[in-house]
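> Kindly return the folded structure for what I paste below:
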Amino acid sequence: MRRRLSTYYLAVNRNKRSFALDLSHEKGRDIARSLAKNWADVVVENFKPGTMKRMGLDYDDLKDDNPGLVYCSISGYGPTGPWSELPGYDVVIAGTHGLMSITGSPDAPAKVGVAMTDIVTGTLAQGAILAALYDRQVHPEKAGQRVDLSLMESQLACLSTAASGALNAVAGTPPPGRRGTAHENIAPYQAFKCKDGEYFVIGTGNDKQFLKLCETLGKPELATDKRFLTNACRVAARDELVALLEDAFAAKNRDEWWELFRGHGFPCGPVRNVKEAFECDQAKYRKMALEIDHSVAGHVIVPAHPAKYSRSPIADGSFAPLLPPPMLGEHTEETLINLLGMTSDEVDKLEDEGIVSCWRDSSIVKRAQSAA
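Below is the predicted model:
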């Protein structure tokens with residue numbers, strides 16, 4: 001019988017190894033130091049600021065034994081400043097630092113459907129770590145360094161054009177607000193409800209694309225209407241234009257519009273649910289869903305990495321091995337034996353003391369016991 005595992009866990013842990021170590025024990029901290037000293041190019045931690053320092057595992061505690069170490073800390077608000085000690089979650093940062101103010105309907109803020117601030121921070125951390133490793137390679141005399149990121153700073157950086165507009169606005173100009181699926185400075189650039197209750201999204205970024213939209217809708221007169229001649233005009237008369245387009249899109253079902261609009265020279269498409277998105281022909285062609293056989297969960301499907309390389313193999317199961325998401329402590333024993341030279345008896349003793357945790361496939365254990 002297959003056990004159920006969290007799909008959240010499956011989504012973010014493929015191609016990793018799991019080493020379970022209790023850092024509240026001095027022996028556990030000694031093992032962490034030994035791994036950092038002898039084997040680590042990079043250490044990543046996301047405890048509250050000061051936690052690793054109290055355990056003797058901060059960058060300053062490790063760098064003398066491993067001068068080339070790149071040490072990345074991720075926190076809610078950063079390791080310094082008046083908010084540094086506050087806990088931070090994705091949804092809270094989205095609220096306190098701008099994202100919710102421009103996400104949702106005019107009547108109420110909304111949470112983005114996934115933990116985008118968390119994901120963006122992790123992605124930025126990856127780039128920052130790689131930059132530090134490259135710097136170490138180019139300037140070996142400078143060795144490694146500390147890298148720190150926070151959810152708050154990642155969130156602020158990703159406000160992008162909204163941030164630029166707010167920070168450089170003329171005095172008295174209101175900050176960017178919530179417009180649902182619409183764009184602050186481009187019109188029409190949003191989703192419209194169709195006859196079947198589903199939605200279709202369009203993005204007309206210039207006058208030529210707006211003309212194509214009007215012709216495909218069977219409303220060519222809109223393109224020559226003085227109210228809508230330019231994007232500036234369309235933004236100024238947004239409410240009137242949107243009302244006319246809402247009536248037009250209500251005439252057909254979502255997929256009928258897709259068949260009609262496809263290939264007409266401007267960005268558009270059906271608003272799909274998550275399952276439909278992965279099942280569309282383009283996502284399938286680009287192999288964005290990976291199938292993995294998991295020893296506990298059975299057959300599982302996870303999102304693929306979006307980057308494709310012309311020369312370097314990627315772990316998608318076809319050019320390089322793809323590791324399924326590990327069970328907690330699945331690689332503890334092999335790490336201690338292969339990297340730190342411990343014996344199986346020493347590992348068992350550490351596990352008995354509660355310092356490490358090892359996961360072993362029960363079916364393998366049973367077969368071994370039967371053979372004995």
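
> is it true that A166 touches G177?
No. Contact criterion Cβ atoms under 8 Å: A166 and G177 do not qualify, at 10.5 Å. (Glycine included, C-beta is placed from N, CA and C.)

> Strands of the protein, start to end?
All strands of the chain, identified by DSSP state E, fall at 20-21, 42-45, 70-75, 104-105, 108-109, 145-150, 189-193, 199-203, 268-270, 289-294, 298-303, 356-357.

> Those strands: which one's closest to T216?
Closest to T216 of the strands of the chain is strand 268-270 (Cβ to Cβ; 8.9 Å).

> Now do that closest one: which elements does it pack against?
Here strand 268-270 touches strand 199-203, helix 254-261, going by 3 or more Cβ pairs under 8 Å, 6 or more residues apart in numbering; DSSP states H and E.

> Which one of these lies nearest to Y71?
Counting by Cβ to Cβ, Y71 lies closest to strand 199-203 out of those; the figure is 41.8 Å.

> List the neighbours of the closest one that are in contact with it.
With contact meaning Cβ atoms under 8 Å, 6 or more residues apart in numbering, strand 199-203 is reached by 181, 183, 186, 188-194, 209, 213, 249, 254, 257-258, 261, 266-271.

> That strand pairs with which strands, and in what direction?
Strand 199-203 has these partner strands in its sheet, going by DSSP bridges: strand 189-193 (antiparallel), strand 268-270 (antiparallel).

> can I get the CA coordinates of the first one in PDB?
Looking back up the chat, that one is strand 189-193. Only the C-alpha atoms of strand 189-193 are listed here, as PDB (Å, rounded to 0.1, in the frame of the first residue of the first chain):
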ATOM      1  CA  TYR A 189      -4.900  44.400 -21.100                       C
ATOM      2  CA  GLN A 190      -7.000  42.000 -19.000                       C
ATOM      3  CA  ALA A 191      -9.300  39.000 -18.800                       C
ATOM      4  CA  PHE A 192     -12.900  39.100 -20.100                       C
ATOM      5  CA  LYS A 193     -15.800  36.800 -19.100                       C
END
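
> Just the buried residues of it, please?
Within strand 189-193, the residues that count as buried by 16 or more other Cβ atoms under 10 Å are Y189, Q190, A191, F192.

> got these as TSV, with pLDDT columns?
Shown next, in TSV, are the buried residues of strand 189-193 (pLDDT from 0 to 100):
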residue	pLDDT
Y189	97
Q190	97
A191	98
F192	98
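
> how close does the residue nearest to S105 when sequence neighbours are not counted get to L222?
The shortest distance from S105 to any residue other than its chain neighbours is 5.0 Å, reached at G180 (Cβ to Cβ, 6 or more residues apart in numbering). Taking Cβ to Cβ, to the nearest Å as the measure, G180 falls 21 Å from L222.

> Between the two, point out the one with more neighbours.
Remark: of G180 and L222, L222 carries more neighbours, 20 against 12, as counted by other Cβ atoms under 10 Å.

> List the buried residues for stretch 64-77?
Quick answer for stretch 64-77 (16+ other Cβ under 10 Å): N66, G68, L69, V70, Y71, C72, S73, I74, S75, G76, Y77.

> about what we covered before: if you count what's nearby, which of A166 and G177 comes out ahead?
Neighbours were counted for A166 and for G177 using other Cβ under 10 Å; A166 has more, 16 against 11.

> The more buried one: what's it in contact with?
A166 makes contact with L159, P175, P176, according to Cβ under 8 Å, 6+ apart.

> Now do stretch 121-140, average pLDDT.
Regarding stretch 121-140, the rounded mean pLDDT is 95.

> I should have written stretch 239-250 there, sorry.
97.

> And it, what's buried?
L241, V242, L244, L245, A248, F249.

> Nearest residue to the middle of this structure?
For the chain, the residue nearest the mean C-alpha position is I119 (2.7 Å; Cα atoms, centre = their mean).

> V347 versus that one, what's the distance?
I119 sits 35 Å away from V347, going by Cβ to Cβ.

> same thing with A277?
Taking Cβ to Cβ, one finds A277 at 44 Å from V347.

> In terms of neighbours, single out the busier of those two.
V347 (20 against 14).

> which one of the strands of the chain is the most hemmed in?
strand 70-75 (a mean of 23; mean count of other Cβ atoms under 10 Å).

> need the helices and strands packed on strand 268-270 in TSV with distance to A236 and mean pLDDT, can you?
Putting these into TSV (distance: least, Cβ to Cβ, whole Å; pLDDT from 0 to 100) gives the following:
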stretch	distance to A236	mean pLDDT
strand 199-203	19	97
helix 254-261	26	96
